[in-house]
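> After the sequence you'll find the predicted model.
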Protein chains: 2
Amino acid sequence: MRATTIHAPFDMRVQDVPDPVIQDATDVVVRVVRACICGSDLWAYRGESARQPGQRIGHEFLGVVEAAGSEVRGFRTGDLVVAPFVWSDGSCDYCAEGLQTSCPNGGFWGSAGSDGGQGEAVRVPFADGTLVKLPADAASDDHLLTALLALSDVMGTGHHAALGAGVTKGSTVAVVGDGAVGLCGVLAAKRLGAERIIALGRHTARTDIARAFGATDVVAERGEAAEAAVRELTGGQGAHAVIEAVGTEQSMRTAVAVTRDGGSIGYVGVPHGSGTGLDLSVMFDRNIALRGGVAPVRAYIPELLPDILDGTIDPSPVFDLTVGLDGVPDGYRAMDERTALKVLVKP
Amino acid sequence: MRATTIHAPFDMRVQDVPDPVIQDATDVVVRVVRACICGSDLWAYRGESARQPGQRIGHEFLGVVEAAGSEVRGFRTGDLVVAPFVWSDGSCDYCAEGLQTSCPNGGFWGSAGSDGGQGEAVRVPFADGTLVKLPADAASDDHLLTALLALSDVMGTGHHAALGAGVTKGSTVAVVGDGAVGLCGVLAAKRLGAERIIALGRHTARTDIARAFGATDVVAERGEAAEAAVRELTGGQGAHAVIEAVGTEQSMRTAVAVTRDGGSIGYVGVPHGSGTGLDLSVMFDRNIALRGGVAPVRAYIPELLPDILDGTIDPSPVFDLTVGLDGVPDGYRAMDERTALKVLVKP
């Protein structure tokens, strides 16, 4: 089959690789129908996260089961399924409590030795613990498929951020980060009943989506001017619930600054310097909590799926560029240059 | 009157200072009956927190109202009262929601221009928002007075840590820090229903108190050996709820290491390097939350007071040395040299 491989910073290729086959009785092989490129893939693309030359990449996909091992109970050939961005055994303590990202048998698509989502097919370990079945008729609904793909990462990650930030009915929320996860954080906060959602972002193409997703205010300033703007919008106090969806020192610094005393930061931006942006003395004096981390999206799919199926939420607008498999390298370039928000891949 | 003043690192004096008087109609003057020295006072004593020469010190006291301003409603001369370690106006948004430490009109006893608890009397601003009345008959009960004094800081701070750590019925808790706050964290965790409480500490005088307060296990190792011991006690996973009651880089590093994936650190140790001990990448991967900060003990006194009065909890064993006012400098020395755990002052 053909799949995307990464060889060095900025050197993405689409190559012939071995076809995936069932190795363990709990595996399935999924033919990828939709995949995408994640903002966090850019850390590898830019060489800021190490990869072995030739390693696969892509951790978001949905597709059709092509083969199933003898011990797979929940899936059979032909099923339409979505994969969360890590696989998990479905039977450990952590899986039982919905923290599948801590499963000791879990792993990340595209890690050395595994298939990545940005390819024609993927061997899925622990299929029963990992995958979630989608309605068969969704396969013929192009728009719905795109929305459902967001369940593999960004929608669940936005939801995790909103929970970490403590969003409930009536909350005032600030969202730091105008990428796909930040935007899904807006959508998740709205879904959880937030009354006021302040999106921080300068790109109108993105802030327009934020508004469509439920943002009531947009702050286009950056740094200290942004902090002042959020404070002004919140009676000088800041937002009780703050979503940090970038992972840099500056974004975390902004998140701390705009959080109301006693509030929480739900952080889901993969840390690339964000620890340095945490001023613990300030957080201590103001009783600001920090919650979040890598989102156990597998736990959230059953809750979020019905709302996508019935149209309550539609995260599909975060995808603004579509490529075929051969177009994946161009997709990376577009996201790196911020000419695309999130790239959809149709292999 | 006479009061403790700090002039330079390790230079504590007991001097004549002006008698406190009512300045605002919402003030009362409290004659101090019991005060104490806090582990956090040692940061000033050691010169690690700046103080102006001659500044007052001491933020924990209970006593008798000696004079009351014309607008004070809740207290009158002769009332026995306990003060939390900050004063607060009782009328702002933050006070209304129980985060009195963020009151814009609040302040810390011993800050420049205010009286400190380690003296004969204290002018208390916003008495109605700050003080809590104690039963009159407690005044003649030496043991009870000592226990009630813990409401001014350490018992409420331990409770705040336990809440931040997410302690509930059946929790497994690890407590980093064997000072008075850590020990009160043990007591608070027990009170909240924790099933297993692992106290980290090497000093048997202290760990004996921890056991009396409800610790089921004591880990005497330090650093990585301590982390390994806690993991061994918890099936390799760590504790869901962890109390950090020191504030140093090492204590926070230990706290992160012994927290179970998906768990929370309730931190109340005043940060002196603890931010550096937070490895955000580890916390991200393991979904470890950080909650806590300066404890709004005013909010907790009404909840904790009845339990002290009826003997459900008795934090008094944390006081292991008693001095008169003139003995305060000796008390600092004893706590600095760790020959005393917490020093009670009877002016």
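Looks like it came in fine.
> got a pLDDT number for the spatially closest residue to A:Phe61 that is not a sequence neighbour?
Spatial nearest neighbour of A:Phe61, chain neighbours left out: A:Gly117 (3.6 Å); criterion: Cβ to Cβ, 6 or more residues apart in numbering or on different chains. C-beta here means a position set from N, CA and C on the backbone, and glycine is covered the same way. Note on A:Gly117: pLDDT of 98.
> now A:Gly117: how far from chain B?
20 Å (Cβ to the nearest Cβ, to the nearest Å).
> Could you list the residues in contact with stretch A:204-214?
By Cβ atoms under 8 Å, 6 or more residues apart in numbering or on different chains, the list of residues contacting stretch A:204-214 from outside reads A:175, A:178-179, A:182-184, A:186-187, A:189-190, A:194, A:197, A:199, A:201, A:215, A:218, A:220, A:317-318, A:320, A:341.
> Tell me which helix or strand A:Ala225 sits in.
According to DSSP states H and E, A:Ala225 maps onto helix A:223-233.
> What lies in contact with that helix?
Residues outside helix A:223-233 that contact it (Cβ under 8 Å, 6+ apart): A:174, A:198, A:200, A:217, A:219, A:221, A:237-239, A:250, A:254, A:257-258.
> hmm, back to that, give the PyMOL command for selecting the buried subset of the contacts of stretch A:204-214.
Listed next is the PyMOL selection for buried residues among these, using 16 or more other Cβ atoms under 10 Å in any protein chain shown:
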select buried, chain A and resi 175+178+179+182+183+184+186+187+189+190+194+197+199+201+215+218+317+318+320+341
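> Inside helices: which ones of the contacts of stretch A:204-214?
Counting by DSSP state H, those place A:182-184, A:186-187, A:189-190 in helices.
> ok, the residue in the stretch 101-250 of chain A positioned nearest to chain B - how many residues close by?
Using Cβ to the nearest Cβ, A:Ser102 is the residue of the stretch 101-250 of chain A that sits closest to chain B, at 3.9 Å. Applying other Cβ atoms under 10 Å in any protein chain shown, we find 23 residues neighbouring A:Ser102.
> So it is in contact with A:Ala96, correct?
No: A:Ser102 is beyond contact range of A:Ala96, at 11.2 Å (criterion: Cβ atoms under 8 Å).
> List the neighbouring strands of the helix or strand hosting A:Ala241 plus their orientation.
Assigned by DSSP H and E, A:Ala241 belongs to strand A:239-244. Sheet pairing of strand A:239-244 (DSSP bridges) gives strand A:172-176 (parallel), strand A:259-267 (parallel).
> Specify the angle between that strand and helix A:180-191 in degrees.
Here the directions of strand A:239-244 and helix A:180-191 differ by 150 degrees (axes from the mean of the first three to the mean of the last three Cα atoms, to 10 degrees).
> is it fair to say A:Pro329 lies in a helix?
Yes: read with DSSP: H, G, I helix; E, B strand; the rest coil, A:Pro329 is one of the residues of a helix.
> And it, how far from B:Ala229?
Taking Cβ to Cβ, to the nearest Å as the measure, A:Pro329 and B:Ala229 are separated by 50 Å.
> Equivalent analysis for A:Thr5, please.
For A:Thr5, the distance to B:Ala229 (Cβ to Cβ) stands at 44 Å.
> Would you agree the residue nearest to A:Phe61 is in contact with A:Ala35?
Yes: with contact defined as Cβ under 8 Å, A:Gly117 counts as touching A:Ala35 (4.4 Å).
> can you list residues touching both of these two?
Between them, A:Gly117 and A:Ala35 share these contacting residues under Cβ under 8 Å, 6+ apart: A:58, A:60-61.
> residues from chain A in reach of chain B?
A:93-94, A:97, A:99, A:101-102, A:164, A:237, A:261-262, A:264, A:267, A:270-271, A:274-275, A:278-281, A:283-294, A:296 (Cβ under 8 Å from any Cβ of the partner chain).
> Please pick the buried ones from those.
A:94, A:99, A:101-102, A:164, A:237, A:261-262, A:264, A:267, A:270-271, A:274-275, A:278-280, A:283-294, A:296.
> ok so, going back, which SS state does the residue nearest to A:Phe61 fall under?
The assignment at A:Gly117 comes out as coil when based on three-state DSSP.
> Can you give me the neighbour number for it?
By other Cβ under 10 Å, the residues close to A:Gly117 number 32.
> What distance do you get for it to B:Gly324?
72 Å.
> Next: A:Phe10.
Noted for A:Phe10: a distance of 73 Å to B:Gly324, by Cβ to Cβ.
> can you check A:Arg196 too?
Distance, A:Arg196 to B:Gly324, using Cβ to Cβ: 56 Å.
> which one of the two has more residues nearby?
The neighbour count for A:Arg196 versus B:Gly324, taken as other Cβ under 10 Å, is higher for A:Arg196 (19 against 12).
> isn't the more buried one right next to A:Gly235, touching?
No: with contact defined as Cβ under 8 Å, A:Arg196 does not reach A:Gly235; the gap is 11.1 Å.
> Strands along the stretch 201-347 of chain A, start to end?
Ranges of strands in the stretch 201-347 of chain A, per DSSP state E, counting those that start in this stretch, are A:217-219, A:239-244, A:259-267, A:289-292, A:321-324, A:343-346.
> Is it correct that A:Val175 is in contact with A:Leu187?
No: contact criterion Cβ under 8 Å: A:Val175 and A:Leu187 do not qualify, at 10.1 Å.
> before we move on, what SS does A:Val14 have?
When classified by three-state DSSP, A:Val14 comes out as strand.
> Once you drop chain neighbours, what's closest to A:Ser70?
In this structure, A:Ser70 finds its nearest non-sequential neighbour in A:Ala25, 4.6 Å apart by Cβ to Cβ, 6+ apart.
> Would you mind measuring the gap between the ends of stretch A:234-243?
This stretch, stretch A:234-243, spans 16 Å end to end (Cα to Cα, to the nearest Å).
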